[in-house]
Structures are given as C-alpha cells and as structure tokens.
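A.B. asks: model the following, please.
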Amino acid sequence: MIILELDIGNSRIKWRATDTTKGAAVKVGEAAGLQELKTNLSEVKPDAVRLCSVRGKTFTSSVCQWFKDSWGIEALEAKVERSSGGVTNNYEDLSQLGIDRWLAMLAAYQLAGSTCVIVDSGTALTLDILAEDGCHEGGYILPGLKLMAVSLESNTGIHLSEELPVATPEPGHSTDEAVINGNLTALLSLVKQVVQSVAEQNPSVKLFLSGGDAELLNKHIPFENKQLVRSLVLEGLAIACPVEGEGGDQL
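C.D. replies: Numbers count the residues shown, from 1 in each chain. Model prediction:
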C-alpha cells in the first residue's frame, strides 16, 4: 500500500509517499503551490492520502479536490483533538493550537514515551513541552530566523543583503552577521533555558528538533539526549489519521 502524506505549511508543501510493506518512504519532495505539487506527483499513484494544513481552507480544498479528481481518493485531514496517541491537549480552545504543533507532539511522545520538549523551526519557531504522562504543559511561538530578519528590516532603517551569512552564536562583524547571529542566539537561549528548566524536574527529558533550521539549532545545542527528526509532523499524521489496512499484518 502506498500512502501519500502531506504537510501543507505557510510557504512550502512537504510530502512523501510511503510504502507500508517496506515501512519506508519511496518518494519525498517539496512544492510551493498546487501546480508544482501536481508536477512532483505525476508519477505517484497512492492508495490513500492523509494531510495537515495551516494554509487557507480554499487552498486546502483545491488540493483535496485534485486528489479526488485524479485518483478518486478522499484525503484524510488531521484535526487537533483533546486527546490522541497518549497526548492530552490542555488548550481551552482547541482551534488555537496549530495542527503542525499537535502532530509533532504526537510523534515525539510516541518516540519518547515520557517527558519531552519539541522544537519545530521553520517560518516560525514553535516549542512545546510534554509531561511524563503526555499532558501538554504549554509552549512558545516565535518568528523563525529569516522572519525575524525580515521584520527587523521592515520596521527599522536596517538594510540586509539578499543572501545572509550562515548564522552562528558569535558576535557579528557586519550588520548582516549581527542580525542573523542575534536571531539565532535568541532562539538558542529560549531552547536551552526551557530544556534546562524541564531537566531540573525530569533529568531524562528528551529534546526533539524538526523543521528547516533544525540542523543549525542542533549544531549549537550541547544537550546529549536530543534527536533530530525532520519529518516529525509527517510522522504524527500516521497517529492522527490511520489508514485501514496500512499495518503489514492486516494486508
């Protein structure tokens, strides 16, 4: 069975086609919009589709309609729930928690089975804390590295180069370096502070890093019990939207 999984973000659509008999992705890719996605998936013929989306309903509906027209498949769309996969959502208003954060938490808790901190760093950086029993203890949302830079440039007299240098925690020796390094240092400080605070209560806490800037953050976080999982949101889809017959023993 081939299951097509999509993480429709604000700027990119991440997708993968997973062969359940092999337990691995056979094709992966990214697309900016629907037309590019159609091109990417021209040789993919899935048996089922599941997705999550933080983009507008109109765009998501057009993607789902294309799946129906092309393959006759009704896509399963993940929704935030009060409880799933051992994780309990403590948001009073469930609609206020992003589906990408929810899925990342489901996947991380399945991997850790205990206290964990989940950091997803893309357009925005989100950080969430799960207690040992899976209860969501809250989180943080900040602009990501590039969004911080764009915001600073838009609201001050600072002018940045189109190609910014690779960020490091060191003091910058140019405006570009000072901005991007300052942004990275701010994000690192938050992650380190939260992990240290949680570790004081539970020394076995595990840190999960995901998203486009995960490797950069991982490089500068000296914490042994950490794991970089680029596909954390996609991994959570399998928990939130199981497909009948996808288990190897059920085929």
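A.B. asks: going forward, measure contacts and count neighbours with C-alpha atoms only.
C.D. replies: Will do.
A.B. asks: would you map the strands across this structure?
C.D. replies: For the chain, the strands defined by DSSP state E cover 2-8, 13-19, 24-31, 48-53, 76-77, 83-84, 87-88, 116-121, 124-130, 136-143, 206-210, 226-228.
A.B. asks: how big is the angle separating the third one from strand 2-8?
C.D. replies: Here the directions of strand 24-31 and strand 2-8 differ by 30 degrees (axes from the mean of the first three to the mean of the last three CA atoms, to 10 degrees).
A.B. asks: may I see the buried residues of strand 24-31?
C.D. replies: Ala25, Glu30, Ala31 (16 or more other CA atoms under 10 Å).
A.B. asks: output the contacting helices and strands for that strand.
C.D. replies: strand 13-19, helix 34-40 (3 or more CA pairs under 8 Å, 6 or more residues apart in numbering; DSSP states H and E).
A.B. asks: can you redo the strands of the chain as JSON lines with mean pLDDT?
C.D. replies: Below are those laid out as JSON lines (pLDDT from 0 to 100):
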{"stretch": "strand 2-8", "mean pLDDT": "96"}
{"stretch": "strand 13-19", "mean pLDDT": "95"}
{"stretch": "strand 24-31", "mean pLDDT": "92"}
{"stretch": "strand 48-53", "mean pLDDT": "97"}
{"stretch": "strand 76-77", "mean pLDDT": "97"}
{"stretch": "strand 83-84", "mean pLDDT": "96"}
{"stretch": "strand 87-88", "mean pLDDT": "98"}
{"stretch": "strand 116-121", "mean pLDDT": "96"}
{"stretch": "strand 124-130", "mean pLDDT": "96"}
{"stretch": "strand 136-143", "mean pLDDT": "96"}
{"stretch": "strand 206-210", "mean pLDDT": "97"}
{"stretch": "strand 226-228", "mean pLDDT": "97"}
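A.B. asks: for these, which one sits closest to Glu244?
C.D. replies: strand 48-53 (9.4 Å; CA to CA).
A.B. asks: just send the buried residues of strand 24-31 back as a markdown table, with distance to Ser53 too.
C.D. replies: Listed next are these as a markdown table, based on distance: CA to CA, whole Å:
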| residue | distance to Ser53 |
| --- | --- |
| Ala25 | 20 |
| Glu30 | 14 |
| Ala31 | 14 |
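A.B. asks: quick one on the thing from earlier: ranking the helices and strands packed on strand 24-31 by burial, who's on top?
C.D. replies: Compared across these, strand 13-19 shows the largest average neighbour count, a mean of 21 (mean count of other CA atoms under 10 Å).
A.B. asks: any idea of the angle that one forms with strand 24-31?
C.D. replies: Counting by the same axes, to 10 degrees, strand 13-19 points 160 degrees away from the direction of strand 24-31.
A.B. asks: for strand 13-19, give me every contacting residue.
C.D. replies: 1-8, 24-33, 37, 44, 46 (CA atoms under 8 Å, 6 or more residues apart in numbering).
A.B. asks: could you rerun that using 7 Å?
C.D. replies: Residues from elsewhere that reach strand 13-19, judged by CA atoms under 7 Å, 6 or more residues apart in numbering: 1-8, 24-32.
A.B. asks: just the CA atoms of it, as PDB, please.
C.D. replies: Taking Å, rounded to 0.1, in the frame of the first residue of the first chain, the C-alpha atoms of strand 13-19 are listed here in PDB:
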ATOM      1  CA  ILE A  13       4.200  21.800   0.900                       C
ATOM      2  CA  LYS A  14       6.300  18.900   2.200                       C
ATOM      3  CA  TRP A  15       5.300  15.400   1.000                       C
ATOM      4  CA  ARG A  16       6.300  11.800   1.000                       C
ATOM      5  CA  ALA A  17       4.900   8.600  -0.500                       C
ATOM      6  CA  THR A  18       5.300   5.800   2.000                       C
ATOM      7  CA  ASP A  19       5.200   2.100   1.100                       C
END
